[in-house]
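K.L.:
Here's my sequence, what's the structure:
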Amino acid sequence: MDPIQEAFALRLQEKGVEVTSTQLEQFETYYRELVEWNEKMNLTGITDREQVYTKHFYDSISLAFYIDMNDVRTVADIGSGAGFPGIPLKICYPHVQLTIIDSLNKRINFLKHVVQETGLEQVQLLHGRAEDWARKPEHRDQYDLVTARAVAKLAVLNEFCLPYAKVGGVFAAMKGSSPDEEIREASRSFKELKGKLQRVERLTLPIEEAERHIVVIDKTAATPGKYPRKAGTALKTPL
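P.N.:
Numbers count the residues shown, from 1 in each chain. Predicted coordinates for the structure are as follows:
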């Protein structure tokens, strides 16, 4: 194990997340494929190995510091991009059934390749708009945990993500700087979409000490039939 992986494993261990040598190999494979594919298509602005391990892998797994992943069976990652936070969480918690939805087919193809190279199982990769997949009964009100990392403002994210969460499930929005204003702006969307703010967790990333926030939202009842509105509407006119 080299120093970067050793520091990564140690930092996770301090937070109660144990990773095996096999899991570390999966992370390294993921890193290599990310950098290689990034030369052909824009997946990330971060390619330095230590920074990928911190700003992408550790950052993604930080969700597990605040939500007990052992109690979670199904996860939907909406607008996952290069697979964050879904794939790092799946590597750490192989029992989870992961569904990733992204609107760009090139990214879905990259993720299919990553899943194949890392040997991950029970990963469903769906190309399309979050608003369209949320209308399908097999995805609507179905997931224990729904998450999105740095996709859009909370009023918009609620409409993208809450329809996927089962009643009693959770939507966790992963944010950078303080989400207080976004939370205030999203008050109507919480009411409309049957979400209730549970808590906001704050953490600091190791090394460069960047601030991160996780907004944890409970799903209190089934999403009303009129939501999500048709693709593009939530972004143009947020609730």
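
K.L.:
how about the strands of the chain, start to end?
P.N.:
For the chain, strands defined by DSSP state E occupy the ranges 74-78, 97-102, 123-127, 143-149, 165-175, 195-204, 211-219.

K.L.:
the inter-axis angle of the third one versus strand 97-102?
P.N.:
Yep, that's strand 123-127 we're talking about. Strand 123-127 and strand 97-102 are oriented at 20 degrees to each other (axes from the mean of the first three to the mean of the last three C-alpha atoms, to 10 degrees).

K.L.:
Partner strands of strand 123-127 and their direction?
P.N.:
With DSSP bridges as the test, strand 123-127 is paired with strand 97-102 (parallel).

K.L.:
Roughly how far does the residue nearest to the spatial centre of the chain sit from Ile46?
P.N.:
With distances taken as C-alpha atoms, centre = their mean, Pro85 lies nearest the centre of the chain, 3.7 Å away. Using C-beta to C-beta, to the nearest Å, one gets 14 Å for the distance from Pro85 to Ile46. No exception for glycine: its C-beta is placed from N, CA and C like everyone else's.

K.L.:
before we move on, back to that, can you list the strands of the chain in a markdown table and add distance to Tyr30?
P.N.:
Converted to a markdown table, these look like this (distance: least, C-beta to C-beta, whole Å):
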| stretch | distance to Tyr30 |
| --- | --- |
| strand 74-78 | 14 |
| strand 97-102 | 14 |
| strand 123-127 | 12 |
| strand 143-149 | 16 |
| strand 165-175 | 18 |
| strand 195-204 | 22 |
| strand 211-219 | 20 |
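
K.L.:
and Asp218, what is it in contact with?
P.N.:
By C-beta atoms under 8 Å, 6 or more residues apart in numbering, Asp218 lies in contact with 168-170, 195-198.

K.L.:
can you give me the helices in this protein?
P.N.:
With helices called from DSSP state H, the chain shows them at 3-14, 21-38, 49-51, 59-61, 86-92, 105-118, 130-133, 154-161, 180-185, 187-193, 233-236.

K.L.:
beta partners of Thr74?
P.N.:
For Thr74, the beta-bridge partners under DSSP bridges are Gln97.

K.L.:
Just give me the neighbour total for it.
P.N.:
Under the neighbour criterion other C-beta atoms under 10 Å, Thr74 is assigned a count of 19.
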